[in-house]
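S.K.: model this:
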Amino acid sequence: MRASSTSSPDLQALQKRLEHEFSNPRLLQQALTHRSFSADHNERVEFLGDSVLNLAVAGLLYERLSELPEGDLSRVRANLVKQETLHQLAVQLGLPALIRLGEGEAKSGGQRRPSILADALEAVIGAVYLDAGFDKAAGLVRSLFRDIEINPQMDAIGKDPKTELQEWLQGRKMNLPIYRVVGTLGAAHKQTFDVECEISEFGRAERGMGGSRRAGEQAAAAVMLAYVKTLN
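M.R.: Next comes the predicted model:
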């Protein structure tokens, strides 16, 4: 998947969603570049973004959950920064359409792969840090998590995408989505499931990938959920 230049309307729109206009747009382009596309890929900036994300979330939890002991703070943070959470946030930001992938990775559905999207989101956070410093990057992290109810008992990022999508459809008296496995990748002991989520009333299907059928369904539901929320 070949993304357009740093001045493309899509990247300009992403910067608006990030609430940050890059002084060095090449940092954003690098953050969206998978190693299959170019040697100038996002792994180093993703490494940096992971640390920035963890520190920013730690600060957020220290403020919001002031009475919680260290062990519980660590548990809540782990649920906020895990791959599933970051994948959902990446989908909401519209990163799947912007990831730059090599031809083989693109054909195998890399733009829907949770690990690639989670890493890209961390890389974007790292790119903001490099471009404008920690305060700006921490502000982005706070913005990403502002709609998430954070409490001491939380075990995950609110409702899972399948549940939230089902409730959205039921609230509008629409049929539930249909999930089907459309392909599998990898050896039998380490398969990746490519799953389709279809909503008949829209005549629309979205796809997601995961290390199990359930994870693939959740990934596909997250993509569909991001779409239906644009209809509100």
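
S.K.: Next, work out how far apart the spatially closest residue to Ala222 that is not a sequence neighbour and Asp10 are.
M.R.: Closest residue to Ala222 apart from its sequence neighbours, by CB to CB, 6 or more residues apart in numbering: Pro161 at 4.0 Å. For every residue, glycine as well, the C-beta is placed using N, CA and C. Pro161 sits at a distance of 24 Å from Asp10 (criterion: CB to CB, to the nearest Å).

S.K.: Looking at the two, which is more packed in?
M.R.: Pro161 (25 against 13; other CB atoms under 10 Å).

S.K.: Identify the residues contacting that one.
M.R.: For Pro161, the contact set (CB atoms under 8 Å, 6 or more residues apart in numbering) comprises 88, 218-219, 221-222, 224-225.

S.K.: pLDDT weak spots in the protein?
M.R.: 1-7, 153-159, 232 (pLDDT under 70).

S.K.: Tell me the helices and strands packed up against the longest helix belonging to it.
M.R.: With secondary structure taken from DSSP state H, the chain has its longest helix at helix 43-64. Contacts defined by 3 or more CB pairs under 8 Å, 6 or more residues apart in numbering; DSSP states H and E place helix 43-64 against helix 25-31, helix 70-80, helix 114-132, helix 134-144.

S.K.: Rebuild the contacts of Pro161 as a markdown table, extending it with secondary structure and neighbour count.
M.R.: Compiled in a markdown table, the contacts of Pro161 are given as follows (DSSP: H, G, I helix; E, B strand; the rest coil; neighbours: other CB atoms under 10 Å):
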| residue | secondary structure | neighbour count |
| --- | --- | --- |
| Gln88 | helix | 27 |
| Gln218 | helix | 24 |
| Ala219 | helix | 30 |
| Ala221 | helix | 24 |
| Ala222 | helix | 27 |
| Met224 | helix | 28 |
| Leu225 | helix | 22 |
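
S.K.: for those residues, which one is nearest Val128?
M.R.: Gln88 (19.2 Å; CB to CB).
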